[in-house]
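Student: sequence below, structure please.
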Amino acid sequence: MPRRRWAAPLLLALSLPLLTPLAASGATSTPSASHASDASGAPRAATAAVPLEEVTATTTQVASGLRRPTAIAAPDDGTGRLFITEKPGWIRVYHPDTGLAEDPLADLTGIVDESGNERGLLGLALAPDFAESQELYLAYTALPDGAVTLSRYDLGDGSNEVLLDQEHAEYSNHNGGQLAFGPDGYLYWSIGDGGGSGDPFGSGQRLDTLLGKILRIDVSRSCGDLPYCIPEDNPFAGAEDARGEIWMYGLRNPWRFSFDEADGSIWIGDVGQGAWEEINHLSPAEQPGANLGWSCYEGLAVLNEDQCSSGEQYTQPDFTYSPYTGGCSVIGGRVYRGEVFAGLVGGTYIATDYCSSTVWALREDGEGGYLTAEIGEMPTQVTAFGETAQGEFYVVNDLPGGLHRVTFEPAEPVCQVAYQTESWGDGLTVDLTVTNTGTEPIDGWSLVFPLPFGQQIISDWDTDLTQVGDIVTAASSDGNATIAPGASVTLGYLAEHSGDPAPPGRFALNGQTCAVVR
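Tutor: Residues are numbered from 1 along each chain as shown. So this is what the prediction gives:
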């Protein structure tokens, strides 16, 4: 995948080279998978060929009674267990045969600061040699002042060794907290920008603080006075006025990230200020020193020009959505690499949102872009994804306190949208043909779709169209309100754009996801 960079900030306000998600084209609905190669030509894991619109995600609750769960990890020790962290400081154990164990695996309530909505025990990673060492790595906010803290916890003797911490006393939000061992064996840790609104400390673009960063350290050994080592190939290792632990920067609150085991790429869900939620996907070559833009940018939009530096290179997000979708906080997920549903969602990244519960599905399209779709709903207030040692998905949700198994099923869209576009200068027209592919007539309809960033509708035809932010709602008119099975209606609009004349990437008719034909 080509490296995605923005031009110098002075030019960015005028023109943004966008990478707009593209909608899935019609393809076979047979559950099958195709194989691709990475940049080196090596074969990659299978990617499902079923269009995303022909998949639906479902969940089944398997446990309840959790106290604000925050993370899931699965030991690859043959036990079939899941470890679940709870915000107050407990680690619980679930087994599919026996359910949720009553007694916690570990109790850290005496050292965890859970004050405020976002502090607490936030992240968990198992040592690569967990089966032998019985060591866990934990991310939490520590008493007495909420410092974001990384520690190594020994289940054998209950000892807890603090490895690294960062002051975070002024505000209780934006703590990050994801921990994961990368394919290189190093430990990665995400930390938010220090909280408040609008990055008051300028942390995102500063290199002298760990706030607003993803870190990369070697916890298998110590170096000098440090209980860990800074890898020599870290981008700022040995640099003056920069923390050597930094791997990537320009993040607001990267609550959840994950690695794709097939290619070592990282997927990051970075929670937005209020205008844009974003997902970033970076290959191994793109990761070192990547500047993801915050707080010069929120999503694709300039937020604070004072935080922009002339000549700085910013890596743009691969997918954004606005609160007009009903969302408020992206919950980064994982790429499915299990076996049970490989024919449907193999190689597909699955994420959700804390407020809308929308299941977002993203899949690389082979041309440097992404196919995207809404493929169902999660339970309310999901906080984290996890997977078994076999790659099957689970999620936990917050105040209801449940653990849910995630499954996927084939779906038959009841609508199909085809489009034709014509663009010139800063304008474009889009003509849409909406077909009823179901078996029942549609009497009155509403077609909802997002516009690519920077587009504004000027006029429409054969519909009553409204735009709120980036979300468009096209309602039926008197002459085309009924669509019989197999029949179609046409509508269209004229829009202006600021550099991206792409058509919409996804559509929903009366709340149902439509197949898209290019």
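Student: and the closest residue to residue 439 other than its chain neighbours, how many neighbours?
Tutor: The spatially closest residue to residue 439, leaving aside those adjacent along the chain, is residue 485, at 5.5 Å (CB to CB, 6 or more residues apart in numbering). Every residue, glycine included, has its C-beta placed from N, CA and C. Residue 485 has 13 neighbouring residues, counting by other CB atoms under 10 Å.
Student: again, but for the one 4 residues further on
Tutor: Applying other CB under 10 Å, we find 21 residues neighbouring residue 489.
Student: can you classify it as helix, strand or coil?
Tutor: When classified by DSSP: H, G, I helix; E, B strand; the rest coil, residue 489 comes out as strand.
Student: tell me what it is bridged to.
Tutor: On the basis of DSSP bridges, residue 489 is bridged to residue 434.
Student: residue contacts, it?
Tutor: For residue 489, the contacting residues are 433-434, 445, 462, 476, 480, 483, by CB atoms under 8 Å, 6 or more residues apart in numbering.
Student: now, which of those residues sits nearest residue 387?
Tutor: Closest approach between the contacts of residue 489 and residue 387, by CB to CB: residue 434, at 37.2 Å.
Student: from residue 294, how far off is that closest one?
Tutor: Look at residue 434 and residue 294: by CB to CB, to the nearest Å, they are 38 Å apart.
Student: and residue 96, by the same measure?
Tutor: From residue 96 to residue 294 the distance is 39 Å (CB to CB).
Student: looking at those two, which is more packed in?
Tutor: Just comparing residue 96 and residue 294: by other CB under 10 Å the higher neighbour count belongs to residue 294, 28 against 13.
Student: which of the contacts of residue 489 are buried?
Tutor: Buried by 16 or more other CB atoms under 10 Å: 434, 445, 462, 476, 480, 483, out of these.
Student: state the pLDDT value of the last one.
Tutor: Residue 483 carries a pLDDT score of 98 in this model.
Student: that one reaches residue 437, doesn't it?
Tutor: No - between residue 483 and residue 437 no contact is recorded; they are 10.1 Å apart, counting by CB atoms under 8 Å.
Student: related to what we said a few turns ago, let me know the closest of the contacts of residue 489 to residue 70.
Tutor: Nearest to residue 70 among the contacts of residue 489: residue 445, at 40.8 Å, using CB to CB.
Student: and the spatially closest residue to the closest one that is not a sequence neighbour, how far from residue 462?
Tutor: Sequence neighbours aside, residue 476 is the residue nearest to residue 445 in space, at 4.7 Å (criterion: CB to CB, 6+ apart). Per CB to CB, residue 476 is found 9 Å from residue 462.
Student: same deal with residue 423?
Tutor: The spacing between residue 423 and residue 462, counted by CB to CB, is 20 Å.
Student: give me every residue that touches the residue lying closest to residue 77 once chain neighbours are set aside.
Tutor: The shortest distance from residue 77 to any non-neighbouring residue, by CB to CB, 6+ apart, is to residue 131 (4.2 Å). Residue 131 makes contact with 75-77 under the criterion CB under 8 Å, 6+ apart.
Student: pretty sure residue 94 contacts residue 62?
Tutor: Yes - assessed by CB under 8 Å, residue 94 is found in contact with residue 62 at 7.4 Å.
Student: so who does residue 158 touch?
Tutor: By CB under 8 Å, 6+ apart, the contact list for residue 158 reads residue 106.
Student: and the gap between it and residue 110?
Tutor: Distance from residue 158 to residue 110, by CB to CB: 11 Å.
Student: and what of residue 145?
Tutor: 15 Å.
Student: compare the two (neighbour count), which wins?
Tutor: Each of residue 145 and residue 110 has its neighbours counted (other CB under 10 Å); residue 145 has more, 12 against 8.
Student: OK, contacts around the nearest residue to that one once chain neighbours are set aside?
Tutor: Excluding its sequence neighbours, the residue lying closest to residue 145 (CB to CB, 6+ apart) is residue 169, at 4.5 Å. Contact analysis of residue 169 by CB under 8 Å, 6+ apart lists 145-147.
Student: is it correct that residue 387 is in contact with residue 338?
Tutor: Yes - at 7.2 Å, residue 387 counts as touching residue 338 under the criterion of CB under 8 Å.
Student: overlap in contacts, those two.
Tutor: Joint contacts of residue 387 and residue 338 (CB under 8 Å, 6+ apart) are residue 393.
Student: who has more neighbours, these two?
Tutor: More neighbours surround residue 387 than the other of residue 387 and residue 338, with 21 against 16 (other CB under 10 Å).
Student: spit out the contact partners of that one.
Tutor: 72, 74, 334, 338, 393-394.
Student: what about 10 Å?
Tutor: Applying CB atoms under 10 Å, 6 or more residues apart in numbering to residue 387 gives the contacts 72-74, 82, 258, 333-338, 393-394, 406.
Student: between those residues, which sits nearest residue 116?
Tutor: residue 72 (22.5 Å).
Student: would you map the helices across the stretch 101-250 of the chain?
Tutor: For the stretch 101-250 of the chain, the helices defined by DSSP state H, counting those that start in this stretch cover 130-133.
Student: which residues of it fall in strands?
Tutor: Applying DSSP state E, counting those that start in this stretch to the stretch 101-250 of the chain gives strands spanning 106-107, 121-126, 135-142, 147-154, 160-166, 179-181, 187-191, 213-217, 246-249.
Student: give the contact list for residue 261.
Tutor: Counting by CB under 10 Å, 6+ apart, residue 261 touches 45, 183, 334-335, 337, 391.
Student: just the residues you listed now: which is nearest residue 174?
Tutor: residue 334 (22.3 Å).
Student: neighbours around the spatially closest residue to the closest one that is not a sequence neighbour, how many?
Tutor: Leaving aside its sequence neighbours, residue 334 sits nearest to residue 258 (CB to CB, 6+ apart; 4.6 Å). The number of residues packed near residue 258 is 22, by other CB under 10 Å.
Student: and if you look at residue 315?
Tutor: The number of residues near residue 315, taken as other CB under 10 Å, comes to 20.
Student: so it is in contact with residue 294, correct?
Tutor: No - Residue 315 is beyond contact range of residue 294, at 11.1 Å (criterion: CB atoms under 10 Å).
Student: show me whatever sits in contact with both of these two.
Tutor: Joint contacts of residue 315 and residue 294 (CB under 10 Å, 6+ apart) are residue 250.
Student: from residue 46, how far out is residue 342?
Tutor: Noted for residue 342: a distance of 6 Å to residue 46, by CB to CB.
Student: higher neighbour count, those two?
Tutor: Neighbours of residue 342 and residue 46, each counted by other CB under 10 Å, are more numerous for residue 342; the result is 21 against 18.
Student: low-confidence ranges, this protein, go.
Tutor: For the chain, the stretches flagged by pLDDT under 70 are 1-45.
Student: got a markdown table for the contacts of residue 489, with distance to residue 263 and secondary structure too?
Tutor: Formatted as a markdown table, the contacts of residue 489 follow (distance: CB to CB, whole Å; DSSP: H, G, I helix; E, B strand; the rest coil):
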| residue | distance to residue 263 | secondary structure |
| --- | --- | --- |
| 433 | 37 | strand |
| 434 | 37 | strand |
| 445 | 41 | coil |
| 462 | 45 | coil |
| 476 | 44 | coil |
| 480 | 46 | coil |
| 483 | 42 | strand |
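Student: of those residues, which pair is most distant in space?
Tutor: 433 and 476 (14.2 Å).
Student: the host helix or strand of the residue nearest to residue 334: which residues count as buried?
Tutor: For residue 258, the host element (DSSP states H and E) is strand 256-259. Using 16+ other CB under 10 Å as the burial criterion, the residues of strand 256-259 that qualify are 256-259.
Student: could you pull out the strands for the stretch 401-518 of the chain?
Tutor: 402-410, 415-424, 427-436, 442-443, 446-450, 456-461, 464-468, 471-475, 482-483, 488-496, 508-509, 512-513, 515-517.
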